[in-house]
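*Asks:* based on what follows, work out the 3D shape:
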Amino acid sequence: MKSIELFAGAGGLGMGLHEAGFHPLQVVEWDRDSCDTLRDNKTRGQKLVRDWPLTEGDVRDVGFKAFEGNLDLVSGGPPCQPFSLGGKHGAYSDARDMFPQAIRAVREARPRAFLFENVKGLTREAFRNYFEYIRLQLEHPEVMLKSDETWTDHLVRLERHHTRGRRSGLNYQVVTRVLNAANYGVPQRRERVVFVGFRDDLHVSWSFPEGTHSLDALLWEQVRANDYWERHEVARKDRKLSDRAIARGKALREKPSSLPWRTVRDAIRDLPDPETRKASTIPNHRFQAGARSYTGHTGSPFDEPAKTLKAGVHGVPGGENMLARADGSVRYFTIRESARLQTFPDDYLFHGSWTESMRQLGNAVPVQLARRIGEDVAKHLMVAA
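*Replies:* As a prediction, the model looks like this:
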């Protein structure tokens, strides 16, 4: 299936969709370091990105009408800083808001479907009206903002158009949901809001795929059955869980049918300690000094999914990107460990310094989450063909 990937970043969303069967005709990204990461992996022949036609530049300078009638999917993660809890919360007044360009791509290319993601912060009460504004524009992309119109006036006009009941022209059936990546087998608690739309003429009935993994299944293995500790050969003195987790695990009466959440230990246990000489043989697995724990920044416990990896507005935020060891000490995750937590393949390398690579990873969509959603979208598009 043919697609366009916008705001590609380091490639997480696009790689997952590629695994799901979508092959991009164009990949657009403006950030030089992210493009260098993509180019380096293309040159090395990394199978998921080697054939990507990369355009480095501002999406506002890219036209999409040439793809009209020849596209199954437009996808991307419009820059999320305007909505991030760690950002400046500018939303519609922030020049970094690229949702208008995502909507323009849909309007010009008229794909059979689209998939966009953003941070959970977009659903905050402070952005509620703007969230609805984005959704209605995606549903009716041809109802465009007029030159003399404010976004709030445009929202009113979209609401009236939407409730009119007549849907001539280009329209999409749009659904949104906040998804926790841990529920889909990603070893990280990472919540993202996802927009999926199918063009009206396809008459697709769709809902988000349900999660396959759960906290209760993990606690069953850790508290009730002890399978988790035995599988990882963890000594009793190193089996550290919070009192709350232990109480919840003891309250379980039967084994959940879902798979257990994947933990940091599940993801990185076979990697050597980055402070040892053996680690130097593994790409992107270099020790980064300077980690420290303080209130609100205590790192990710080894035997839980990691906390959300973050990019930060002024560099990498330490507490979210640290490992908390069983003995109480902390250290930064290496780039390779962070890539594991984001479910990038081990042969995918990141360009730039630790700080720059961690910024790319903090902005990325977990490959596994993208693949799972993409597979379900692709299945419905094939039926509708």
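*Asks:* next up, the contacts around the closest residue to residue 258 other than its chain neighbours.
*Replies:* Leaving aside its sequence neighbours, residue 258 sits nearest to residue 214 (Cβ to Cβ, 6 or more residues apart in numbering; 4.2 Å). Where you see a C-beta, it was placed from the backbone N, CA and C, and this is true even at glycine. Residue 214 sits next to 183, 256, 258-261 when contact means Cβ atoms under 8 Å, 6 or more residues apart in numbering.
*Asks:* rerun at 7 Å
*Replies:* 183, 256, 258, 261 (Cβ atoms under 7 Å, 6 or more residues apart in numbering).
*Asks:* gap between residue 356 and residue 284?
*Replies:* 12 Å (Cβ to Cβ, to the nearest Å).
*Asks:* quick revisit: spatially, which two of the contacts of residue 214 are the most separated?
*Replies:* 183 and 256 (12.2 Å; Cβ to Cβ).
*Asks:* the two - which one has more neighbours?
*Replies:* The neighbour comparison of residue 183 against residue 256 (other Cβ atoms under 10 Å) goes to residue 183, with 21 against 16.
*Asks:* pretty sure that one sits in a helix.
*Replies:* Yes. Secondary structure assignment places residue 183 in a helix (DSSP: H, G, I helix; E, B strand; the rest coil).
*Asks:* check the closest residue to it other than its chain neighbours and give its pLDDT.
*Replies:* Nearest non-adjacent residue to residue 183, counting by Cβ to Cβ, 6+ apart: residue 211, 3.0 Å away. For residue 211, the pLDDT comes out at 97.
*Asks:* can you check residue 295 too?
*Replies:* So, for residue 295, pLDDT stands at 76.
*Asks:* cool, and the one 3 residues further on?
*Replies:* Model confidence at residue 298, expressed as pLDDT, equals 82.
*Asks:* tally of neighbours for it?
*Replies:* 15.
*Asks:* give me phi/psi at the residue nearest to residue 258?
*Replies:* Dihedral pair for residue 214: phi -150, psi 160, per degrees, to the nearest 10.
*Asks:* bridged to it, which residues?
*Replies:* residue 260 (DSSP bridges).
*Asks:* assign residue 3 to helix, strand or coil.
*Replies:* Applying three-state DSSP: residue 3 is strand.
*Asks:* circling back: possible to save the contacts of residue 214 as TSV with distance to residue 170 and pLDDT?
*Replies:* Shown next, in TSV, are those (distance: Cβ to Cβ, whole Å; pLDDT from 0 to 100):
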residue	distance to residue 170	pLDDT
183	33	98
256	43	97
258	39	98
261	40	98
